[in-house]
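Asker: what follows is a predicted protein model with its sequence.
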Amino acid sequence: SPFSTSALTCSMRVCSEPLGEGTAATNPMAGDYPNQQWVADAIDLNEIWHYDTTYTQFDIIATGDVFEMPAGTAAMAMGVEYQKTKTQADRGDDENSCNYWINACAYDYVAEREVMSAFFEFALPLIDNEEMGFAEAQVAGRYTQYGDMGSSFDPKIAILWQPKTWLSVRGSYSTAFAVPTLAELYEPSVSFLQATNDKVFDDTSGTFRTNTSRGNPDLKPETAEAFNIGFSVSMLDDALTVGLDYASFEFEDRVTLMRGPTVVDLDYAAFLAKYPNPTDADRVAWATTEQDMNIKRLDVAPYTILEIIGTYVNAQSMNTSSIDLYATYDLDLESLGSLRLSLDATQVQEFEYTLVNGVSGDGVGEQNGPLTDVPPLPELQMIGSANWSFADNQSVMLRARWKEEVNGSYPWGYQKESDTLEALTYVDLTYNLNLQGLIADSDTRIELGARNLLDSYPKVIGGLGGIETYVHDPRGRTLFARVKHSF
C-alpha cells in the first residue's frame, strides 16, 4: 500500500525498514522518506471500537393436527414471538474528538428495537389417490410489529403435486418485509476514504476524499415479492434425480447508503441543469453558495472537496430472475463403496436495477464495480462434484467450481492484463475419516484437503487490487487439515 509503505524499502510488495542513511536512490537499504521513531509514534493509532449487542427472544409455539380433509389430516403450527435488540457502540477517543487520521469524526451511540410477531402455517392435503397422485398446499402468514417502524402482514402459499412417484411439481408465492438495521437508522457518524471525482472543477483523478455516513431514522422497511416454480424427476430406481426451478424476486425501497460519489454526481447534474455551459465564475458561485450542503470544501481557491456527508435512503428497486438446474446420480460400487455424482448450475436471466442516482440497467454479465449495491454477476455458474464413500467410514470428494467470464468495469489498473474477469475452473479435493469410539463413546472426524488444487490464478484486471474476489480467489492453492471431536 503506497499510503503506509512509502517510508520503507519495498520490492514486489515485500518491504523492510530503513537501515541506512540517505534515500533509496542512493542507498538500497534506506526508504524514500526515512523518519525517526517519534514520527511513526505520532501517526500510529491503536484505537479500539467496542460493540455490544444484547438480543432477547421469547416465543410460544403450538403444533398439531387440527381437522380432517378428504385427502387426509390437516396440520397446523402457530405462535407468537417477542424480540428485543439493543446495540451500544463505543468508538475511540480520537474519533470522538474528530482527531481521526482521515480528518473526520465517529461518535458513540445506543439504539434498541422491540419486535412483536404472530404467525400461522397450515399443511393441507389436497389429493391422495392413484389416479391423481398426491398434492399438498402450505398456507402461512406472519404479522410483525416493528416498534415505531410500523407493521406488516406477509403471506405465503406453496403447492406440491406428485402425480407420479417419479415426478414432483412445485410452486410458491410469498411477500417479505425487512426493516433497516439499527446502524442504518441511528449511526450518528462514521467516516472512511473513497475515490471521488469533482466534476464541477473537472477533477476526474479519483482523489481519495473523506466520506462520512450517517443513519436516517426516517427510513422505511424494504419489501419484496418472491415467486418460484419448478419440478424434479427420479429415474433408474431413484438413482438419478434431476430438478429445474425458476425463481423471481422483486425488491422495492431497498436501503442504500448515499456514498460520496453519488452525492457529488447528483450535485453535478444539478449544476449542469443550471449552467449548461459553465464558466469559471459559475463554478465558483456554485461551490461557494449553491451546491449541496453535504459537500464540504475549502472556502478559497482551489475549493478542494474536504468531506462528503451521505445518509441511508430508500431509493432503489431491483428485479432478478434465475433458473437453477440440479442433478444427482448414485452409483453402487459394491465392495468398493458408493459414488455420488452431482451437478448444480445457475443461470441469472436478469438483474434489473434502478439506483438512488437514477442509474438503471441490467447487471448480468458485468462486474458492476462502480455500483455499490449490485454485485458482480456471471450469467452462468456451475459446481460439479464426485463423492466416493468407502470402508464405511471414509470418503473422498472431488469438486470443480466454474463461473462464466464477466466484463470488467475499469479501463485502468496497475499491470492490467485483461478487460474481462476470465472464466476459470477451480478444483477442490477433500478426504474425510470418521472414527467412532476413539475416546470412549465419541465421534472423531479428520478432514484433509486442498482448495484450488491446481493453483489456478486469474489474469490481472483493471481497478484497485487487480482481482474481483466475488468471482476469483486471490489466495491460490490452499491446503488445510481439520479435526473435529464430539463427545
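Answerer: Cool, the structure landed. Numbering: from 1, shown residues only.
Asker: all helices of the chain, in order?
Answerer: Assigned by DSSP state H, the chain shows helices spanning 2-5, 37-43, 93-96, 182-186, 260-274, 280-285.
Asker: so which of those helices is nearest Gln436?
Answerer: helix 182-186 (45.7 Å; C-beta to C-beta). For every residue, glycine as well, the C-beta is placed using N, CA and C.
Asker: helices or strands next to that closest one in the packing?
Answerer: Here helix 182-186 touches strand 72-90, strand 109-129, going by 3 or more C-beta pairs under 8 Å, 6 or more residues apart in numbering; DSSP states H and E.
Asker: what does that helix rub up against?
Answerer: 85, 87, 89, 109, 111-113, 215-217, 219, 255, 312 (C-beta atoms under 8 Å, 6 or more residues apart in numbering).
Asker: please redo it, this time with the cut-off set to 6 Å
Answerer: Thr87, Tyr109, Ala111, Gly215, Pro217, Leu219, Val255, Tyr312 (C-beta atoms under 6 Å, 6 or more residues apart in numbering).
Asker: quick revisit: could I get the helices and strands packed on helix 182-186 in CSV, plus columns for mean neighbour count and distance to Arg170?
Answerer: Converted to CSV, the helices and strands packed on helix 182-186 look like this (neighbours: other C-beta atoms under 10 Å; distance: least, C-beta to C-beta, whole Å):
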stretch, mean neighbour count, distance to Arg170
strand 72-90, 16, 18
strand 109-129, 16, 13
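Asker: figure out which of these is closest to His485.
Answerer: Between the helices and strands packed on helix 182-186, strand 72-90 lies closest to His485; by C-beta to C-beta that is 34.2 Å.
Asker: tell me how far the closest one lies from the chain's centre.
Answerer: Relative to its chain's centre, strand 72-90 lies at 25 Å (C-alpha atoms, centre = their mean, to the nearest Å).
Asker: related to what we said a few turns ago, and the helices and strands packed on helix 182-186 as JSON lines, adding mean pLDDT and distance to Ala391?
Answerer: JSON lines is the format used below for the helices and strands packed on helix 182-186 (pLDDT from 0 to 100; distance: least, C-beta to C-beta, whole Å):
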{"stretch": "strand 72-90", "mean pLDDT": "95", "distance to Ala391": "41"}
{"stretch": "strand 109-129", "mean pLDDT": "95", "distance to Ala391": "41"}
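Asker: for Gln347, find the nearest of the ones you listed.
Answerer: Once these are compared by C-beta to C-beta, strand 109-129 is nearest, at 31.5 Å.
Asker: paired strands for the closest one, with orientation please.
Answerer: Partner strands and pairing direction for strand 109-129 (DSSP bridges) are strand 72-90 (antiparallel), strand 133-146 (antiparallel).
Asker: for the helices of the chain, which one sits closest to Leu429?
Answerer: The nearest among the helices of the chain, by C-beta to C-beta, is helix 2-5 at 36.5 Å.
Asker: so which residue is dead centre in the chain?
Answerer: Centrality entry for the chain: nearest residue to the mean C-alpha point is Pro375, 7.7 Å, by C-alpha atoms, centre = their mean.
Asker: what is the burial count for the nearest residue to that residue once chain neighbours are set aside?
Answerer: Nearest residue to Pro375, sequence neighbours excluded (C-beta to C-beta, 6 or more residues apart in numbering): Tyr470, at 5.8 Å. For Tyr470, the neighbour count with other C-beta atoms under 10 Å is 14.
Asker: mind pulling up the pLDDT for Tyr470?
Answerer: Looking at Tyr470, its pLDDT stands at 89.
Asker: you'd agree it is up against Pro376?
Answerer: Yes: with contact defined as C-beta atoms under 6 Å, Tyr470 reaches Pro376; the gap is 4.6 Å.
Asker: rewinding a little: any chance of the strands paired with strand 109-129 in a markdown table, with distance to Phe58 too?
Answerer: Putting those into a markdown table (distance: least, C-beta to C-beta, whole Å) gives the following:
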| stretch | distance to Phe58 |
| --- | --- |
| strand 72-90 | 5 |
| strand 133-146 | 15 |
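Asker: which one of those strands lies closest to Ala224?
Answerer: Per C-beta to C-beta, nearest to Ala224 of those: strand 133-146, 13.7 Å.
Asker: follow-up on the earlier one: mind putting the helices and strands packed on helix 182-186 into a markdown table with distance to Phe487?
Answerer: Compiled in a markdown table, these are given as follows (distance: least, C-beta to C-beta, whole Å):
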| stretch | distance to Phe487 |
| --- | --- |
| strand 72-90 | 32 |
| strand 109-129 | 36 |
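Asker: so which of these comes closest to Ile383?
Answerer: Ile383 lies closest to strand 109-129 among these, at 31.8 Å (C-beta to C-beta).
Asker: off-centre distance for the closest one?
Answerer: 25 Å.
Asker: and for stretch 165-177?
Answerer: That offset, for stretch 165-177, works out to 26 Å (C-alpha atoms, centre = their mean).
Asker: repeat that for stretch 412-426.
Answerer: For stretch 412-426 - counting by C-alpha atoms, centre = their mean - the centre lies 21 Å from the chain centre.
Asker: stretch 349-365 too?
Answerer: 17 Å.
Asker: check stretch 187-194 too.
Answerer: Distance of stretch 187-194 from the chain centroid (C-alpha atoms, centre = their mean) equals 20 Å.
Asker: would you mark the buried spots in that stretch?
Answerer: Using 16 or more other C-beta atoms under 10 Å as the test for burial, stretch 187-194 gives Glu187, Ser189, Val190, Ser191, Leu193, Gln194.
Asker: same question for stretch 156-171.
Answerer: Quick answer for stretch 156-171 (16+ other C-beta under 10 Å): Lys156, Ala158, Ile159, Leu160, Trp161, Gln162, Ser168, Val169, Arg170, Gly171.
Asker: can you get me the start-to-end distance on it?
Answerer: This stretch, stretch 156-171, spans 11 Å end to end (C-alpha to C-alpha, to the nearest Å).
Asker: could you number the chain from 817 rather than 1 from now on?
Answerer: All set: I'll call the first residue 817, so the last point we hit is now stretch 972-987.
Asker: how close does the nearest residue to Gln1132 once chain neighbours are set aside get to Leu1001?
Answerer: Leaving out its chain neighbours, the residue that sits closest to Gln1132 by C-beta to C-beta, 6+ apart is Arg1070, at 3.7 Å. Per C-beta to C-beta, to the nearest Å, Arg1070 is found 15 Å from Leu1001.
Asker: one more: Asp1189?
Answerer: For Asp1189, the distance to Leu1001 (C-beta to C-beta) stands at 18 Å.
Asker: now do Ala905
Answerer: 13 Å.
Asker: summarise which helices and strands the longest strand along the chain is packed against.
Answerer: Longest strand of the chain, by residue count under DSSP state E: strand 1121-1148. Packing partners of strand 1121-1148 (3 or more C-beta pairs under 6 Å, 6 or more residues apart in numbering; DSSP states H and E): strand 1024-1030, strand 1056-1073, helix 1076-1090, strand 1111-1113, strand 1154-1170.
Asker: how far off centre is the shortest one?
Answerer: To tie it back to what came earlier, the one meant is strand 1111-1113. 31 Å.
Asker: likewise for the last one?
Answerer: Its chain's average C-alpha position is 17 Å from that of strand 1154-1170, according to C-alpha atoms, centre = their mean.
Asker: contacts for it?
Answerer: 1133-1149, 1176, 1178-1180, 1190, 1193, 1195-1205.
Asker: again with the first one
Answerer: Where contact means C-beta under 6 Å, 6+ apart, the residues beyond strand 1024-1030 that reach it are 918-920, 1005-1012, 1073, 1076, 1121, 1123-1127.
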